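Q: here is my input; please provide its structure:
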Amino acid sequence: MNKQLKLMKALAITILSLIGAMILLIGGYVIYVIAQYYRIDDNAILSVEGSATEQVEQGESYTVLSYNLGFGAYSPEYSFFMDTGVMNDGREITGKYAKGLNKKDVQKNVDGQVRVIKETNADFCFLQEVDERADRSYDINMVKAVRGALPSRCSTYAENFHTANLLYPFNDPIGTINAGLITLSGCRIEGAVRRSFPVTTSLIDKLFDLDRCFAVHYLPVMNSEKQLVLINLHMSAYDEGGTIRAKQLKMLNDVLADEYAKGNYVVAGGDFNHCLIADKFDSDEQALAAFPCDQKTPDWVKNSVLHNAELASGFSIAADEKVATCRGAEMPYTKGINYTTVVDGFIVSDNVTVLREHTVDTDYAYSDHNPVLMEFKLN
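A: Next up is the predicted model:
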């Protein structure tokens, strides 16, 4: 009997020791992840690379492209673990992956994205979700790929996602991420600054969401004291009720109003994570259902519809309502099945004339976004 008690005591001590070790290990990891988190300072000066010397001219026609590259992961077969949706029959759908399907697939997407960017030959490019070094994109340097494809352009890189080694989700851990916004310009950039958007204060959510920001670029205008101000942005997506995006819009509006008051020309573009086409329809409901599908309208976009009336005075939205720019990523893509809407586009000041707004329909071949193109001139 004593022998049995000794064995049971030894087993209990072993189990308790293992539990204690696991608690220490998990606690240490949590401390590591939290300690690694930091917010990038607001008003950080961005380095301008490249040697473009041409100046912007009044009356000349220019094109600007905006394209969310989705860290090279979003093949049509891809679904993202943080995305959820509901089918029209009530079935709930959740995405699967945190990283790209494999390195070969990510490389194929990056090559396709670079080809699209080069084919549009836009004077200015606003790119979002561009990985510099990340496990999710198998360490493919997308920043280098984009810059290398357009070596004659000036460019900036504004970091907006940096993580410790995240071991979640357990079946496909995210790992480490360093990613941001790339802005390319065929004309000289005189200076650029990174502005930090308000973000969630939730301890867990902020570890998985981006360090949201927008990059403000100042380009001299020939024979003028005015400047062309180009703003590349990426607003929050995972924001129940749209409260964070409302704060972000207020900050953006303040910057727009300030630059407009100086007499500058302003073009802001990117992934707004707001439906941008509501003013082209009789109601928000019509705009949200502009593209027939087999899914219900997601709550996140119901709470994030942007109207011209919500913008700073003197500004308006430029977006193409004929082709959607973003697909639901909670399941692989099938045309006419996934929910799609327009969240990518531009905001322009009224001293800028929009000549054309156009969505480049890639049918989501390389990303969960289609690129959008706008032609404009300075009055």
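Q: what's the spacing between residue 264 and residue 228?
A: As for residue 264, its distance to residue 228 is 7 Å (criterion: C-beta to C-beta, to the nearest Å). All C-beta atoms are positioned from the backbone trio N, CA, C, and that covers glycine.
Q: next one: residue 342
A: 25 Å.
Q: what does residue 355 give?
A: Going from residue 355 to residue 228 by C-beta to C-beta gives 15 Å.
Q: who's more crowded, these two?
A: residue 228 (27 against 12; other C-beta atoms under 10 Å).
Q: surely residue 66 touches residue 342?
A: No - the pair formed by residue 66 and residue 342 falls short of the contact definition of C-beta atoms under 8 Å, at 11.7 Å.
Q: show the model's pLDDT score for residue 10.
A: Per-residue confidence at residue 10 stands at 74 (pLDDT).
Q: what's the answer for the one 3 residues further on, then?
A: Per-residue confidence (pLDDT) for residue 13: 78.
Q: tell me, how many residues neighbour residue 266?
A: For residue 266, which is what you asked about, the neighbour count (other C-beta under 10 Å) is 26.
Q: ok but it is inside a strand, no?
A: Yes - the assignment for residue 266 (DSSP: H, G, I helix; E, B strand; the rest coil) places it in a strand.
Q: just checking, it touches residue 348?
A: Yes - under the criterion of C-beta under 8 Å, residue 266 makes contact with residue 348 at 6.9 Å.
Q: for the two, list the residues in contact with both.
A: When contacts are counted by C-beta atoms under 8 Å, 6 or more residues apart in numbering, the set common to residue 266 and residue 348 consists of residue 315.
Q: helix/strand/coil for residue 11?
A: helix.
Q: check contacts around it.
A: For residue 11, no contacting residues are found, by C-beta under 8 Å, 6+ apart.
Q: roughly how far does it sit from residue 357?
A: The value you get for residue 11 to residue 357, if C-beta to C-beta is used, is 71 Å.
Q: same question, residue 156
A: Between residue 156 and residue 357 the distance is 24 Å, computed by C-beta to C-beta.
Q: do residue 286 as well
A: Counting by C-beta to C-beta, the separation of residue 286 from residue 357 is 19 Å.
Q: between the two, who's got more neighbours?
A: Neighbours around residue 286 and residue 357, counted as other C-beta under 10 Å, are more numerous at residue 357. The numbers are 19 against 12.
Q: pretty sure that one belongs to a helix, no?
A: No - with the criterion set as three-state DSSP, the secondary structure at residue 357 is strand rather than a helix.
Q: wait, isn't it in contact with residue 318?
A: Yes - using C-beta under 8 Å, residue 357 is in contact with residue 318, at 4.8 Å.
Q: overlap of the contact sets of the two?
A: A shared contact of residue 357 and residue 318, defined by C-beta under 8 Å, 6+ apart, is any residue touching both; here these are 345-346, 374.
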